[in-house]
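S.K.: here you go, sequence then predicted model.
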Amino acid sequence: MTDARRADDVKVGPNDILRFLLELFAIFSLGFWGFVAWPLPWNIVVGIGAPAIAIVLWALFRSPKAVFRIDPFGRAIVEIVVMAAAAFAWWDLGQPVVAIVFAVIAAVSGVINGRKEFR
C-alpha cells in the first residue's frame, strides 16, 4: 500500500479534533505555568522546558507518527502524564475549576480514543 493510499484512508472525527485542541491547551498550560508560577530565572527554564518535555514525550511515543511504537497501555500512560501535568499546572496556579474541567474533558476524550484503539 502506498503512502498516498494510506493518507486517503485516514478519517478525522470530532474526538480527533478535540484531542488535538487538548494537546495544544496542555502545551500552552505548561508554558504558562512555567512563566507565571516560578521566579526569575527559573520561570524561563520551566516555561520553555516543561512544554518542550511534553512535546518530546508526545512526539516520541504518542503521536500518530511516533518514533517509538509502544503498546496502547504505554501510549495511555504518556497521555495521562502530559494531561495530568497540565491539569496540575492550573491547580497550582489557583484555578481548580479550569484544572477539573480540563482533566474531565481529557479523560473522557482519552477513554473514547482508547476504546477506538482497542477495536
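M.R.: Now that the structure is in, tell me what you want to look at.

S.K.: show me where pLDDT drops low in this protein?
M.R.: For the chain, the stretches flagged by pLDDT under 70 are 1-9.

S.K.: any idea which helix or strand carries Arg19?
M.R.: According to DSSP states H and E, Arg19 maps onto helix 14-37.

S.K.: nearest spatial neighbour of Gln35, skipping sequence neighbours?
M.R.: For residue 35 the amino acid is Phe, not Gln. In this structure, Phe35 finds its nearest non-sequential neighbour in Gly47, 3.7 Å apart by C-beta to C-beta, 6 or more residues apart in numbering. For every residue, glycine as well, the C-beta is placed using N, CA and C.

S.K.: would you mark the buried spots in the helix holding Arg19?
M.R.: Residues of helix 14-37 classed as buried: 18-19, 22-23, 25-27, 29-34 (neighbour count, 16 or more other C-beta atoms under 10 Å).

S.K.: repeat for stretch 73-87
M.R.: Neighbour counts over stretch 73-87 (16+ other C-beta under 10 Å) mark Arg75, Ala76, Val78, Glu79, Val81, Val82, Met83, Ala84, Ala85, Ala86, Ala87 as buried.

S.K.: now tell me what touches that stretch from outside.
M.R.: Contacts to stretch 73-87, defined as C-beta atoms under 8 Å, 6 or more residues apart in numbering, come from residues 22-23, 25-27, 29-30, 50, 54, 57-58, 61-62, 66, 99-100, 102-103, 106-107, 110, 114, 117.

S.K.: hmm, back to that, state the distance from the residue nearest to Phe35 to Leu93.
M.R.: Applying C-beta to C-beta, to the nearest Å, the value for Gly47 to Leu93 is 13 Å.

S.K.: which neighbours do these two have in common?
M.R.: Shared contacts of Gly47 and Leu93, counting by C-beta under 8 Å, 6+ apart, come down to Phe32, Trp33.

S.K.: more neighbours: the two, which one.
M.R.: Neighbour count, other C-beta atoms under 10 Å: between Gly47 and Leu93, Gly47 has more, with 19 against 15.

S.K.: isn't the more buried one right next to Trp38, touching?
M.R.: Yes. In this structure, Gly47 is within contact of Trp38 by C-beta atoms under 8 Å, at 7.3 Å.
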